[in-house]
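any chance you could fold what I've pasted below:
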Amino acid sequence: MRILLTNDDGINAPGLKVLEEIARQFSDDIWVCAPSEEQSGAGHSLTLTRPVRLHKHGPRRFAVSGTPTDSVMMALREVMPEAPDIILSGVNRGANLADDITYSGTVSAAIEGALAGVRSIAFSQVYAREGMGDEVPFGAASAWGAKVLEKLIDAPMADRTLINVNFPAILADDVKGIRVVRQGFHDYARGTIVEGRDPRGYRYFWFGLDQIEHTLDHGTDLEAIEEGYVAVTPLQLDLTHYSTIGILAERFA
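Next comes the predicted model:
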């Protein structure tokens, strides 16, 4: 089985090493193609206004000077001799839960894989507080990643779907199990915007990542993580709101 690994935290991110350790429990045919630098929050963006560079870091290991989506596209079209059987994205440093998945480069890499017809799974490690940098503990992901992947690696999946997995911010031994749940939604409140001035005196703004409040809804990824479970959520790429089609069609008739 050929496995492609990618992420949005960059080629040298500790979570990518964790993901490789998980993947090697299933195959020795591992390929890595990830952004050269961190691309958190890049979403499903493509690099269109500058050239993308491809750098080889070793056998079957490549970095791309672009987004997670760029990385998957380069892997499928330029790097790999044949398409992978599965694409794994992560393990992200931080949660990708609820509506935050729309910002996520980690999930978007899996989206690109799903669009290409490849089974794709995104992995994220929730952590307890901001400002931890590379000190984020990946113990839950390390201990539970293979258990999750074992069940998903050949599970029936419809076209243009993917799986989003989040590991709770607790010790591996304290994880209660795995729940298959739907996507939740946060109470809308984005992080603070920090204003400063650069050395030349010009204003700049930096988006912060304050804790986002949310009302727990039953059967969601937010609830599962809050209660100490690994959250497994199937996602679809069809964003059409079907019940509104008829209503709008009548207005344009």
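
in what helix or strand does the spatially most central residue of the chain lie?
Within the chain, the residue whose C-alpha comes closest to the C-alpha centroid is residue 106; the distance, by Cα atoms, centre = their mean, is 2.4 Å. If you go by DSSP states H and E, residue 106 is part of helix 105-115.

again with residue 137
With DSSP H and E as the criterion, the answer for residue 137 is that it lies in no helix or strand.

show me what contacts it?
If a contact means Cβ atoms under 8 Å, 6 or more residues apart in numbering, then residue 137 has 125, 127, 169 as its contacts. Quick note: C-beta positions are derived from backbone N, CA and C, even for glycine.

show me the one in the residues you listed that has more neighbours than the rest.
residue 125 (27 neighbours; other Cβ atoms under 10 Å).

ok, now how distant is that one from residue 229?
Residue 125 sits at a distance of 14 Å from residue 229 (criterion: Cβ to Cβ, to the nearest Å).

can you check residue 178 too?
When distances are taken as Cβ to Cβ, residue 178 and residue 229 turn out to be 6 Å apart.

now residue 156
Residue 156 sits 22 Å away from residue 229, taking Cβ to Cβ as the criterion.

what do you get for residue 217?
Summarising the geometry, the distance separating residue 217 from residue 229, computed by Cβ to Cβ, is 15 Å.

between the two, which one's more packed in?
Ranked by neighbour count (other Cβ under 10 Å), residue 217 and residue 229 place residue 229 first, with 22 against 14.

so which bits of stretch 94-113 are buried?
For stretch 94-113, the buried set under the neighbour-count rule, 16 or more other Cβ atoms under 10 Å, comprises 94-98, 100-101, 103-113.

ugh, typo on my part, it should be stretch 246-253
Of the residues in stretch 246-253, none is buried by neighbour count under the rule 16+ other Cβ under 10 Å.
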